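Asker: Provided below for reference: sequence and predicted model.
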Amino acid sequence: MGSGGEEPLLDAAAMRQLESLSLAGVEAVVSGFGGQRPGAGRSRGLEFVDYRRYTPGDDLRGIDWNVYARLREVVVKASPSEGHVDLALLLDGSRSMASGTPPKFRYAQQLGAMLGTVALLGADVVTVHLLADGESWTAARLTAPHLVGELVEEVATLPRGRRTDLTASLRAYRRQSPDVDLAVLITDGFAEPADLEAALPELAGGAHASALVHLVDSAEAETPLRGPVELRDIESGERLVVEVTPATRRAYNERFEAAAADLRRLCEASGVTYLRAATEVPALDLLFDVARGGELVTA
């Protein structure tokens, strides 16, 4: 059992199953690492590509115009070869993540520990970051398979924050950390639209590839509330009394799905892979579902 009587984030049976997974796209060049990853499969889903600045004489067909449109920097894709992946796990530690069944933050910890384990077992590099209150805290940077236990402990003991300010947190993360090959943000997406719109380019700008895992609790997606209820904002403490009628529930459910669709569109516009994760699905099952689509991890 984990601390406070909780089940461990990762047990031996789950570890054995995770050994069959690897991060997607590991055969492409990634900056800063030589060597090869044994047994890496062909890239699907997310693609890791190394870049270098354009120099006179380079083939113009190699220029990545998507990068130029985003960063106004002319770069060309380097020749592909195998290498290790530098993975940044970014967990939203705001107070809204404490809600849900199971608590969304607990689910984020479990999913993060599993993703990090997949990376370490494949000789990749993992850095764990907590985002909350407009700040970023780096918990650990781990580089070897035998450090899986340390990774799980670091993720299990992450502190909690209060309010959501993803833009400020991601800017702090980028100031403190070098660019990585893959950045994965695990969040419930409970933020103002303007905050999300500004935050996602920050996420994408600090990595060759990036993904947002959107945690969705079933009771938040389709509210079970009936009659007069008092609602409290878990971060601000603000209270509101409402009468929940069938029409109110229908309008709420529609607005929730509209907000999720907006988040997906913002991700696509920023070049961030969007993955929706229903928290009633065990994290291990979710990873294997994702692997079947070749997104983030592959089997």
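Answerer: Yep, that arrived.

Asker: tell me the average confidence for stretch 127-137?
Answerer: Regarding stretch 127-137, the rounded mean pLDDT is 93.

Asker: start to end distance for it?
Answerer: 11 Å (CA to CA, to the nearest Å).

Asker: which residues does that stretch contact?
Answerer: Counting contacts by CB atoms under 8 Å, 6 or more residues apart in numbering, the residues outside stretch 127-137 that touch it are 86-94, 112, 116, 138-142, 151, 154-155, 158-166, 168-170, 172-173, 176-177, 180, 185, 187. Just so you know, the C-beta spots here come from the backbone N, C-alpha and C atoms, and that holds for glycine as well.

Asker: ignoring the adjacent residues along the chain, who's closest to residue 280?
Answerer: Nearest residue to residue 280, sequence neighbours excluded (CB to CB, 6 or more residues apart in numbering): residue 218, at 5.5 Å.

Asker: let me fix that: residue 244
Answerer: residue 225 (4.5 Å).

Asker: can you list the helices and strands that whichever strand or helix holds residue 66 packs against?
Answerer: Under the criterion of DSSP states H and E, residue 66 resides in helix 65-71. Helices and strands touching helix 65-71, as assessed by 3 or more CB pairs under 8 Å, 6 or more residues apart in numbering; DSSP states H and E, comprise helix 193-205.

Asker: tell me the helix or strand right after the helix it packs on.
Answerer: Downstream of helix 193-205 (by DSSP H and E), the next one is strand 207-216.

Asker: and residue 142, what are its bridge partners?
Answerer: Residue 142 has these beta-bridge partners by DSSP bridges: residue 126.

Asker: which residues of the stretch 1-150 of the chain score low on pLDDT?
Answerer: Scanning the stretch 1-150 of the chain for pLDDT under 70 picks out the ranges 1-5, 25-59, 75-83.

Asker: same thing but 50
Answerer: 1-4, 26-45, 79-82 (pLDDT under 50).

Asker: can you give me the helices for it?
Answerer: 12-18, 65-71, 104-121, 148-156 (DSSP state H, counting those that start in this stretch).

Asker: show me the contacts for the closest residue in space to residue 99 that isn't next to it in sequence.
Answerer: Leaving aside its sequence neighbours, residue 99 sits nearest to residue 234 (CB to CB, 6+ apart; 6.0 Å). Residue 234 sits next to 95-96, 98-99 when contact means CB under 8 Å, 6+ apart.

Asker: send the alpha carbons of the helix holding residue 66 over as PDB?
Answerer: Provided in PDB are the C-alpha atoms of helix 65-71 (Å, rounded to 0.1, in the frame of the first residue of the first chain):
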ATOM      1  CA  TRP A  65       7.900  25.800 -42.900                       C
ATOM      2  CA  ASN A  66       5.700  24.900 -39.900                       C
ATOM      3  CA  VAL A  67       8.600  25.600 -37.500                       C
ATOM      4  CA  TYR A  68       9.200  28.900 -39.500                       C
ATOM      5  CA  ALA A  69       5.600  30.000 -39.100                       C
ATOM      6  CA  ARG A  70       5.700  29.400 -35.400                       C
ATOM      7  CA  LEU A  71       9.200  30.500 -34.500                       C
END
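
Asker: run through the strands of the chain in chain order.
Answerer: 22-23, 51-53, 75-77, 86-92, 125-132, 135-142, 180-187, 207-216, 227-232, 239-244, 273-278, 297-298 (DSSP state E).

Asker: among the ones you listed, which is nearest residue 104?
Answerer: strand 207-216 (4.7 Å; CB to CB).

Asker: what packs against the closest one?
Answerer: helix 104-121, strand 180-187, helix 193-205, helix 246-270, strand 273-278.

Asker: 6 Å instead, please
Answerer: In terms of contacts (3 or more CB pairs under 6 Å, 6 or more residues apart in numbering; DSSP states H and E), strand 207-216 is packed against strand 180-187, strand 273-278.

Asker: helix 193-205 and that strand, what's the angle between them?
Answerer: Interaxial angle, strand 207-216 versus helix 193-205 (axes from the mean of the first three to the mean of the last three CA atoms, to 10 degrees): 140 degrees.

Asker: could you shift the numbering so residue one becomes 352, and keep it that way?
Answerer: Taking 352 as the first residue, the last one we looked at is strand 558-567.

Asker: and strand 558-567, which strands flank it?
Answerer: Strand 558-567 has these strand partners (DSSP bridges): strand 531-538 (parallel), strand 624-629 (parallel).

Asker: I'd assumed residue 446 was in contact with residue 586.
Answerer: Yes - assessed by CB atoms under 6 Å, residue 586 is found in contact with residue 446 at 4.8 Å.
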